[in-house]
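> fold the following.
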Amino acid sequence: MNKYLQSFLVLLFVFISGTLAAQVPSDYYANAEGKRGAELKSALFEIIKNPQVVSYADLWEVFQLTDSKRNNKVWDIYSDNPENGTDYSFDFIKHRCGSYRKEGDCYNREHTLPKSWYKKSGKLDSDLFHLYPTDGYVNNRRGNLPFGEVGIIFWESSNRSKIGQNTIGDYTEIVFEPIDAYKGDIARTFFYLVTAYEDLLPQWKSNQVGGNSYPGFSSWSLQLMLKWHREDPVSIKEVRRNEEIYKIQGNRNPYIDYPELVEYVWGDFRTTSFQSSALSDSFLKIEYSPFERWLLDVRGLIKRSDQ
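Here you go, the predicted model:
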């Protein structure tokens with residue numbers, strides 16, 4: 001490769017790396033510094049509460065910014081399968097639900113926190129951090145089931161999401177289990193929800209979340225969410241989605257920015273004071289992943305320069 005091109009690429013990489021490493025706005029979490037456990041959760045609540053949400057009707061348009069794949073198709077976590085391939089895909093305009101009879105007919109606007117679990121809330125009804133575009137039929141099959149891990153399978157979707165009897169903790173009712181690739185996404189969604197809506201938690205009625213401001217989860221559910229968070233680290237999909245939602249709503253998911261925050265609020269470090277300077281933000285955790293598309297272009301450029 002031409003040495004001048006090589007030097008240029010190195011400098012560009014360093015410049016972009018520095019920019020991305022500083023993705024979390026300066027002092028955004030300043031008021032959470034030095035806090036831990038329940039106190040830390042309440043401090044984060046004060047930072048991210050009252051998002052400037054769009055209307056529920058406008059979600060169709062906004063999903064094109066927050067949940068688009070590289071091929072400009074809907075990124076549906078209930079049909080996508082990164083390991084084994086996806087059986088079908090949705091166009092953002094053509095495949096909005098109305099009616100459906102089977103998987104692949106259309107996509108709709110999934111509340112990861114079912115509306116039957118909480119009293120009507122204008123903010124929560126269309127908060128992008130807990131609304132995802134998902135296959136209408138699969139979403140309907142999930143209904144208001146809690147998330148969990150399935151032992152005996154009663155039903156399975158094309159991407160191998162499951163409905164069946166829960167095996168985590170002492171809860172043995174019927175649950176919905178997404179595929180492994182999106183379990184961390186769901187966990188960090190729920191960590192966000194019980195933080196951003198801490199003031200409403202006592203009014204929520206479910207076997208998964210609500211009832212108290214801290215921890216905000218039932219014991220089996222917290223065990224589940226910590227497990228999923230630890231086993232499925234923050235992905236580039238989540239990082240990009242977090243950034244897009246921040247542009248729209250003006251708030252962030254702290255557990256995507258700093259995944260270790262989960263441990264400081266609920267996990268192994270809950271008796272340790274949070275110091276953001278001691279943590280790596282999610283861009284650094286992912287390392288080179290933010291440059292996937294850029295690196296593909298660079299490899300093409302390098303190949304051409306050698307010809």
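
> mind listing the helices for the stretch 101-250 of the chain?
Under the criterion DSSP state H, counting those that start in this stretch, the stretch 101-250 of the chain contains helices at 122-125, 136-142, 183-196, 219-231, 236-249.

> those into a markdown table, with extra columns for mean neighbour count?
Heads up, the C-betas are built off the backbone N, CA and C, glycines and all. Listed next are those as a markdown table, based on neighbours: other C-beta atoms under 10 Å:
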| stretch | mean neighbour count |
| --- | --- |
| helix 122-125 | 16 |
| helix 136-142 | 22 |
| helix 183-196 | 24 |
| helix 219-231 | 19 |
| helix 236-249 | 18 |
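
> among these, which is nearest R109?
With distances scored as C-beta to C-beta, the stretch of the helices of the stretch 101-250 of the chain nearest to R109 is helix 136-142 (8.6 Å).

> check which helices and strands that closest one sits against.
strand 107-111 (3 or more C-beta pairs under 8 Å, 6 or more residues apart in numbering; DSSP states H and E).

> run through who's touching the strand it packs on.
If you take C-beta atoms under 8 Å, 6 or more residues apart in numbering as the criterion, strand 107-111 is touched by 56, 59-60, 63, 74, 76, 78, 90, 95-97, 125, 130-136, 139, 142.

> ok, now which ones touch the residue nearest the centre of the chain?
A centroid search over the chain (C-alpha atoms, centre = their mean) returns D185, at 3.6 Å, as the residue closest to the centre. Listed by C-beta under 8 Å, 6+ apart, the contact partners of D185 are I77, D232, S235, K237, E238.

> ok, 7 Å please
Counting by C-beta atoms under 7 Å, 6 or more residues apart in numbering, D185 makes contact with I77, E238.

> what of K41?
Applying C-beta under 7 Å, 6+ apart to K41 gives the contacts T195, E198, Y214, V265.

> secondary structure element for it?
According to DSSP states H and E, K41 maps onto helix 37-48.

> hang on, the earlier thing: what's the most distant pair in the contacts of K41?
That would be E198 and V265, which, of the contacts of K41, are the farthest apart (C-beta to C-beta) at 11.1 Å.

> pick out whichever of those two has more residues nearby.
Set E198 next to V265 and count neighbours by other C-beta atoms under 10 Å: V265 wins out with 29 against 21.

> for that one, grab phi and psi.
Note on V265: its backbone torsions stand at phi -90, psi -50 [degrees, to the nearest 10].

> hmm, back to that, ok now the helix holding K41, how far from the chain's centre?
Relative to its chain's centre, helix 37-48 lies at 19 Å (C-alpha atoms, centre = their mean, to the nearest Å).

> mind checking how far K119 is from N212?
16 Å (C-beta to C-beta, to the nearest Å).

> higher neighbour count, these two?
Neighbours were counted for K119 and for N212 using other C-beta under 10 Å; N212 has more, 15 against 10.

> what's the average pLDDT for the lengthiest strand in the chain?
Across the chain, the longest stretch assigned as strand under DSSP state E is strand 150-156. The average pLDDT for strand 150-156 rounds to 97.

> which neighbours in the sheet does that strand have, and how are they oriented?
Strand 150-156 pairs in its sheet with strand 162-166 (antiparallel), by DSSP bridges.
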